[in-house]
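Visitor: got a predicted structure plus its sequence, pasted below:
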Amino acid sequence: ATCRTIEVEEIWRIIGDFAKAARCAKEGGIDGVELSAVHQHMIDHFWSPRVNKPTDEWGGTFEGRMKFGIEVL
């Protein structure tokens, strides 16, 4: 696999996809959804200073690294 840095537009699309999935679950009668932020899933990758190296608004500082998970929530 070829790794690359995710683009800001992709980040916002993925955040929207999380929301769409939760909406579908609700419309389907599900009482709640569970987000996984461990075991190297996407939210965990943003949170980890070991793998989140960019210094833009989505990385670098603690607040930047937390932004993706907060937006998803």
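Guide: In hand now; what should we look at?
Visitor: give me the below-cutoff pLDDT ranges for the protein.
Guide: 1 (pLDDT under 70).
Visitor: so the residue positioned nearest the centre of it, which of the three states?
Guide: Residue closest to the mean C-alpha point of the chain, counted by C-alpha atoms, centre = their mean, is residue 43 at 4.1 Å. Under DSSP: H, G, I helix; E, B strand; the rest coil, residue 43 falls in the helix class.
Visitor: what about residue 18, which helix or strand?
Guide: In the assignment (DSSP states H and E), residue 18 maps to helix 8-27.
Visitor: buried set for that helix?
Guide: Residues of helix 8-27 classed as buried: 11, 15, 18 (neighbour count, 16 or more other C-beta atoms under 10 Å). (Glycine included, C-beta is placed from N, CA and C.)
Visitor: need the outlier residue of the protein, farthest from its centre.
Guide: residue 29 (24.3 Å).
Visitor: from residue 14, how far out is residue 25?
Guide: Using C-beta to C-beta, to the nearest Å, we find residue 25 at a distance of 17 Å from residue 14.
Visitor: that older thread, how about the helix holding residue 18 as CSV, C-alpha atoms only?
Guide: Extracted C-alpha coordinates of helix 8-27, given in CSV (Å, rounded to 0.1, in the frame of the first residue of the first chain):
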residue,chain,number,x,y,z
VAL,A,8,-8.4,18.6,4.4
GLU,A,9,-11.3,18.0,2.1
GLU,A,10,-11.1,14.3,2.7
ILE,A,11,-11.0,14.8,6.4
TRP,A,12,-14.3,16.8,6.3
ARG,A,13,-15.8,14.2,4.0
ILE,A,14,-14.9,11.4,6.4
ILE,A,15,-16.3,13.3,9.4
GLY,A,16,-19.5,13.7,7.4
ASP,A,17,-19.5,9.9,6.6
PHE,A,18,-19.4,9.2,10.4
ALA,A,19,-22.5,11.4,10.8
LYS,A,20,-24.3,9.7,7.9
ALA,A,21,-23.6,6.3,9.4
ALA,A,22,-24.9,7.4,12.8
ARG,A,23,-28.0,8.9,11.1
CYS,A,24,-28.6,5.6,9.2
ALA,A,25,-28.3,3.6,12.4
LYS,A,26,-30.8,5.9,14.1
GLU,A,27,-33.3,5.7,11.2
